[in-house]
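Q: Dropping a prediction and its sequence here:
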Amino acid sequence: MEIMRVGGWVATAQRLCRALLCAALVSTVAAGCTSSGDDPQPLPPAQTPEHAITTSSGPPETSKPIPTEVASNDAVQYDYGLFWQAFINAQVLGDADYPDLRKRAEGQALAFAQELVRAYRDNGWVRVIRDGFGTNPVVVARGDTTARVTDSQDWSKWPLTVRATGAIVPGSTPQQCFAADLVRRNDMWAVSRLTSVQHLC
């Protein structure tokens, strides 16, 4: 089973909206979820390295999250990448209370991530990273205590699979575009809200 490793530069309740969770449970995560209409238009990307994610394999019974090795000059992008690492590891382990997930998210984003982890576990599913998957965050707003990024992800490189057989769950590999709000929490940024904003991709 594959667990995300973030290396090099990222050598990569209120839920994400009920439509997103319902879609996840019928294998079409994020289909039909729209933004609130207050999403900013993205600014030109900062001069930062592109995200990429590499993986390590091992049987699911013994899989453990891989220690993080991260280098970045942008703290917002850095911590946003660590949120996805935590989510990927939590869903591989089937642990909605995975400590690093609780550290990296709060509010709606945490509730959404935990609910998806539970849904995947209960249905016998797991997302498995393929070569070429990565996050692609662009910081579109930044303040002293809040920030926002947009992010386009190709989930054909991160398909939802049946854990027991490895078969891909139909309809689970669309292109995803997210807007994520982050809040400053002591010395790190935590993701507080995650919404699907397909019109920005």
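A: Perfect, thanks for sending it.

Q: C-alpha from now on. contacts and neighbour counts both.
A: Noted.

Q: burial measure for Asn123, as a count.
A: Asn123 has 11 neighbouring residues, counting by other CA atoms under 10 Å.

Q: Give me the buried stretch members for stretch 128-138, please.
A: 128-130, 133-138 (16 or more other CA atoms under 10 Å).

Q: What distance do you get for Trp84 to Gly143?
A: 22 Å (CA to CA, to the nearest Å).

Q: where in this structure is pLDDT low?
A: Within the chain, the ranges that satisfy pLDDT under 70 run 1-72, 200-201.

Q: can you give me the helices for it?
A: Along the chain, the stretches classed as helices by DSSP state H are 18-25, 75-93, 99-104, 107-123.

Q: can you list contacts of the lengthiest strand in the chain?
A: Among the elements of the chain assigned as strand by DSSP state E, the one spanning the most residues is strand 175-185. Strand 175-185 is contacted from outside by 30, 39, 76, 80, 144-156, 189-198, 200-201, using CA atoms under 8 Å, 6 or more residues apart in numbering.

Q: partners of that strand in the sheet?
A: Here strand 175-185 is paired, per DSSP bridges, with strand 146-154 (antiparallel), strand 188-196 (antiparallel).

Q: Could you export the ones you listed as TSV, including distance to Pro170?
A: Formatted as TSV, these follow (distance: least, CA to CA, whole Å):
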stretch	distance to Pro170
strand 146-154	15
strand 188-196	20
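
Q: Need the winner for burial among these.
A: Among these, ranked by average contacts under mean count of other CA atoms under 10 Å, first place goes to strand 188-196 (a mean of 24).

Q: Let's see it as CSV, backbone CA atoms only.
A: Taking Å, rounded to 0.1, in the frame of the first residue of the first chain, the C-alpha atoms of strand 188-196 are listed here in CSV:
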residue,chain,number,x,y,z
MET,A,188,2.3,26.8,11.3
TRP,A,189,-0.6,27.2,8.8
ALA,A,190,-3.6,24.9,9.2
VAL,A,191,-6.2,24.3,6.5
SER,A,192,-9.5,25.5,7.9
ARG,A,193,-11.8,25.3,4.8
LEU,A,194,-11.6,23.4,1.5
THR,A,195,-14.0,24.0,-1.4
SER,A,196,-14.3,22.7,-4.9
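
Q: Can you check what angle separates that strand from helix 107-123?
A: Computed by axes from the mean of the first three to the mean of the last three CA atoms, to 10 degrees, the angle separating strand 188-196 from helix 107-123 equals 70 degrees.

Q: now strand 188-196 and helix 75-93, what's the angle there?
A: 70 degrees.

Q: Of the helices of the chain, give the one that comes closest to Ser172.
A: For Ser172, the closest of those is helix 18-25, at 7.9 Å, according to CA to CA.

Q: neighbour count winner among Trp84 and Gly143?
A: More neighbours surround Trp84 than the other of Trp84 and Gly143, with 21 against 9 (other CA under 10 Å).
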